[in-house]
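Enquirer: pasting the structure only:
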DNA sequence: CAAAAATTGCGACAAATTTGCATTAAACGT
DNA sequence: ACGTTTAATGCAAATTTGTCGCAATTTTTG
């Protein structure tokens, strides 16, 4: 079994939750296809999992810090939180809706942590979503919208 | 009339949209009470405005860059974009859901712009949402959840 | 102020999310 | 491994949220 799944099972146990087929399936789907909506998760797994279970699982995963919700570009999506995937940020093009994943620079990460500290918080995570215009669209070469 | 409202009217006209009662009411509500959900906006204005108009207005305002959507802490909310309010970020407590508004430091802002540039984007805006644990909760003094 | 254009309200609809409860699966102790 | 206990799931219904077409109203334009 993949190590991330073992980590999931461990987190579930630590908080007193069962290691179930539904939870493993949702987790592995989100792991393979980042930036999914609840409906997309349900559609992908509807042969095996009920709609209500998808929502209950998402809620639990968010509570446990396994996934995080974010409004990225133009829609709400889910992705694995930093504990389960490499920390990153997104920039999306206002014009063509293209989304690019960015690796954060240490300087930026440090600045964020120090900002949190100045408010008395111990930071556990963050999301940064940048909006802008991509090179293609700056040059008027955009042809299609990403869906 | 307040200057922000004049700015709204100007933006609407520049893009060929009418200056209507509905748009002014939604704008002024969002201005006064930041971090509202669409339903909260509708509830506050339901005596005067139809549900469909609320959604249509939100969509238009987002298109025009007047408001932005974000997932802050534990729910999706709307707030005025930077052109209509002071640029800021949020940090929310994982435990008690308290939200604190943070004034960004220039160093951080610069780092974000340079990150965008490295991907070939010209950045037009960004959202930073930090999660953490507030001082009260670190000391085990939290008593209630913010709603 | 009248005509044209855009916006809104309304009602019906569609999609998304939540809930209670019977059934099934997982965890636990032996 | 097996039966018991506890937790999770499926199912069906209800609720909530968001969308659409069109007639009525408001705003803009000349």
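Expert: That came in fine, so what should we check first? Keep in mind that this is a model prediction, so the values were computed, not measured.
Enquirer: Within range of chain B, give me the residues from chain A.
Expert: When proximity is defined by Cβ under 8 Å from any Cβ of the partner chain, chain A lies next to chain B at A:65, A:69-71, A:76, A:89, A:91, A:93-94, A:100, A:102, A:104-105, A:107-108, A:111-112, A:115-116, A:118-135, A:138. Where C-beta positions appear, they are placed from N, C-alpha and C, glycine not excepted.
Enquirer: Keep only those of the residues you listed that are in strands.
Expert: Secondary structure from DSSP state E places A:69-71, A:76, A:89, A:91, A:93, A:100, A:102, A:122-133 of the residues of chain A next to chain B in strands.
Enquirer: Please indicate which of those residues are buried?
Expert: Buried subset of these (neighbour count, 16 or more other Cβ atoms under 10 Å in any protein chain shown): A:69-71, A:89, A:91, A:93, A:100, A:102, A:123-133.
Enquirer: mind checking how far residue A:7 is from residue A:85?
Expert: From residue A:7 across to residue A:85, the span is 11 Å (Cβ to Cβ, to the nearest Å).
Enquirer: for residue A:96, same thing?
Expert: 25 Å.
Enquirer: For these two, indicate the residue with more neighbours.
Expert: For residue A:96 against residue A:85, the residue with the higher neighbour count under other Cβ atoms under 10 Å in any protein chain shown is residue A:96, and the figures read 17 against 14.
Enquirer: Verify the contact between that one and residue A:137 for me.
Expert: Yes. In this structure, residue A:96 sits in contact with residue A:137. The criterion is Cβ atoms under 8 Å, and the distance is 5.5 Å.
Enquirer: domain parsing for chain A?
Expert: Residue ranges of the domains in chain A are recorded as A:1-81, A:86-147, according to automatic domain parsing.
Enquirer: Dump the ones you listed into TSV; add distance to residue B:28 and mean pLDDT as well.
Expert: As requested, the domains of chain A are exported to TSV (distance: least, Cβ to Cβ, whole Å; pLDDT from 0 to 100):
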stretch	distance to residue B:28	mean pLDDT
domain A:1-81	23	95
domain A:86-147	25	86
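Enquirer: nearest to DNA strand D, of the ones you listed?
Expert: Each of the domains of chain A was scored for nearness to DNA strand D using Cβ to the nearest atom of the strand, and the closest is domain A:1-81 (2.9 Å).
Enquirer: Contacts only, for the residue nearest to the spatial centre of chain A.
Expert: Taking Cα atoms, centre = their mean, the centroid of chain A lies closest to residue A:79, which sits 1.7 Å from it. When contacts are counted by Cβ atoms under 8 Å, 6 or more residues apart in numbering or on different chains, residue A:79 touches A:30, A:34-36, A:67-68, A:70, A:85.
Enquirer: distance of it from residue A:12?
Expert: Residue A:79 sits 19 Å away from residue A:12, taking Cβ to Cβ as the criterion.
Enquirer: and if you look at residue A:91?
Expert: Counting by Cβ to Cβ, the separation of residue A:91 from residue A:12 is 33 Å.
Enquirer: cool, residue A:18 as well?
Expert: For residue A:18, the distance to residue A:12 equals 7 Å [Cβ to Cβ].
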